[in-house]
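> fold the following for me, if possible:
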Amino acid sequence: MKNKGVFCLIWCMLCLCCAAAFTVHAQSNFNQDYLDQINSRFAAFEEQRDAEFKAFSDRQNEEYAAFMERQWQVYEDMKQTALRMGRPKLTAAPVAPGTEATETVINFDETTQPTTHAGAAAPGAYAMRTVVSEQGSSEAYVPNQIKPGVYNGYQAQIDFYGRPLTIPCSQSLCVKSKGAKENDAAAYFRAMSRCKYESESLWKAIDEQAKNFGLNDWGHFCLLRSVAETIHSNSDDRVLFLFYMLRNQ
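From the prediction side, this is the model:
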C-alpha cells in the first residue's frame, strides 16, 4: 500500500508538470500569433499608406504639368503679341502758355566786389541788414538786447570753423561737477539752475551769432559746443553743461 501511494504521488506530479508545460507552450503560441497578426496589420497599413501617397503625388504632378502646359501656351501667345507690337511713337509735349517774368526786389546791400576768402572771413561780412517778419514784410534787423554787466567781463574766445568769435559768457556758468554719479549730476543741475538769467543771456548771444551766419539748429548746437569746449576742460563738465543748456533752451 505504501508503494502504491508513492506511485500515485509521482504520477500526479508528472501530470501537473505536463499540464504546466502544455499551458506555457499554448501561451507562447498565442503570443507569437498575436505578434504576427500585429506585424501583418502594420505591414498592410504601411503598404496602403505608401500607395495612397504615391497616388496623391502622381495626381499633383499631373496637375502641375497640365498647369505649366497651359501657362506656357499663354506665354507663347503673349510673346507673339508683343513681337507684333511696334515701337510706340513719341507724341509732342504740349507747349506751356507764356508767362511774363516778374522781378523780386530784395532790400539788402549788394556789393559788386567778388567774394573772396579774406572778404568772407572779415568781421561783419555776414552782418544781417534786414529780416522778413511773420507777416512777410521786410524790416530792419534789431539785435537782441542783453543786459550789460551780466557777463562780469568774461568773454569766450572760440574758433568757429576758422572764424574767431567772441561770445560773452558769465563766469557763473563755469560750474564744475564733483563726479559722474547721480548725486553729483543733481548737485550740478541745482547749481546751474541758480544761473537762469545768465544761461538765457548766453543763448541770446549765440542766437545773434547764428543769425549773422544764417545757421540752423545744428549751427546753434555747434556754437554752444564750442563755448563748452572753451570754458570747460573736463569732458564730464562739458557734457553736463550741454545737456543743461539744451534742456533749458
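> residue 34 sits in which helix or strand?
Secondary-structure assignment from DSSP states H and E places residue 34 in helix 2-84.
> quick one, phi/psi of residue 167?
Torsion angles at residue 167 (phi, psi; degrees, to the nearest 10) stand at phi -120, psi 120.
> so what's the residue count around it?
Look at residue 167: counted by other Cβ atoms under 10 Å, it has 21 neighbours. Backbone N, C-alpha and C define where each C-beta goes, glycine included.
> for this protein, what helix or strand is lowest in average pLDDT?
Between all helices and strands in the chain, the lowest mean by mean pLDDT, DSSP states H and E belongs to helix 117-121, at a mean of 48.
> mind listing what's buried in stretch 198-206?
Of the residues in stretch 198-206, those buried by neighbour count under the rule 16 or more other Cβ atoms under 10 Å are 198, 199, 201, 202, 203, 205, 206.
> swap that for stretch 214-221, please
Under the neighbour-count rule (16+ other Cβ under 10 Å), stretch 214-221 has 215, 219, 220, 221 buried.
> mind giving me CSV with the residues you listed and columns for secondary structure?
Converted to CSV, the buried residues of stretch 214-221 look like this (DSSP: H, G, I helix; E, B strand; the rest coil):
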residue, secondary structure
215, coil
219, helix
220, helix
221, helix
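> return the member of these nearest to residue 235.
When the buried residues of stretch 214-221 are compared for distance to residue 235 (Cβ to Cβ), residue 221 comes out closest, at 16.8 Å.
> tell me which element the closest residue to that closest one other than its chain neighbours falls in.
Nearest residue to residue 221, sequence neighbours excluded (Cβ to Cβ, 6 or more residues apart in numbering): residue 246, at 7.4 Å. Assigned by DSSP H and E, residue 246 belongs to helix 235-247.
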